[in-house]
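# sharing a model that was predicted from the sequence below.
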Amino acid sequence: ILHLSDCRTQPLGWPWLFEICHCLRCHNVLPRGIREDDVDTMERNLLRRWEALYENDAYRKKVTFPLHSAMRNSWDQKLAVLQMQDQNSKPEIEVYSAHDSTVYAIIREMEKSYGVRLR
């Protein structure tokens with residue numbers, strides 16, 4: 001890791017710093033001076049920042065709207081079908097893929113919209 005005075009670019013933001021250090025930790029090549037506890041602290045800080053951002057309804061909805069809308073429409077359709085079918089029918093499983101920050105935002109939106117607790 002270069003000393004800041006050696007860099008001609010801006011310092012890394014928390015998301016990028018954590019991602020880089022997390023990858024380095026997974027490969028057992030953390031730079032001297034950065035401990036595993038430091039990476040855990042970076043992760044907690046990043047999650048705390050996401051939590052603060054996603055508490056804001058307008059911001060959360062803007063970030064999650066396309067995926068949340070598609071998921072909600074699909075779930076509503078499935079629930080309607082299940083209510084019309086007998087108890088022996090099995091619901092389909094849907095799999096969604098997204099960046100962890102998007103998944104976090106969706107979880108927060110589900111908590112706010114449906115009262116679901118996913119912690």
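The structure has been received and is ready for your questions.
# longest single helix anywhere in this structure?
helix 57-84 (DSSP state H).
# state the mean pLDDT of it.
Taken as a whole, helix 57-84 carries a mean pLDDT of 78.
# quick check: next helix or strand after that helix?
Next in sequence after helix 57-84, counting helices and strands by DSSP states H and E, comes helix 100-114.
# quick one: mean pLDDT over that following helix.
Helix 100-114 comes out at a mean pLDDT of 76.
# specify the angle between that helix and helix 57-84 in degrees.
On the basis of axes from the mean of the first three to the mean of the last three CA atoms, to 10 degrees, helix 100-114 is oriented at 70 degrees to helix 57-84.
# and the longest helix of the chain, which residues are buried?
Residues Arg60, Lys61, Val63, Thr64, Leu67, His68, Met71 are the ones in helix 57-84 that count as buried (16 or more other CB atoms under 10 Å). (Each C-beta comes from the backbone N, C-alpha and C, glycine too.)
# how about stretch 98-106?
Ser101, Thr102, Tyr104, Ala105, Ile106.
# thought the fourth one was touching Lys62?
No. The pair Ala105 / Lys62 is not scored as a contact, 9.5 Å apart, by CB atoms under 8 Å.
# related to what we said a few turns ago, quick one: which of the buried residues of stretch 98-106 is nearest Arg25?
Closest approach between the buried residues of stretch 98-106 and Arg25, by CB to CB: Ser101, at 19.2 Å.
# got the contact list for that closest one?
Applying CB atoms under 8 Å, 6 or more residues apart in numbering, we find Ser101 in contact with Pro15, Trp50.
# who are the packing partners of the longest helix of the chain?
Applying 3 or more CB pairs under 8 Å, 6 or more residues apart in numbering; DSSP states H and E, one finds that helix 57-84 contacts helix 36-54, helix 100-114.
# swap the cut-off to 7 Å and go again
Using 3 or more CB pairs under 7 Å, 6 or more residues apart in numbering; DSSP states H and E, the elements in contact with helix 57-84 are helix 100-114.
# what's the angle between the helix it packs on and helix 36-54?
40 degrees.
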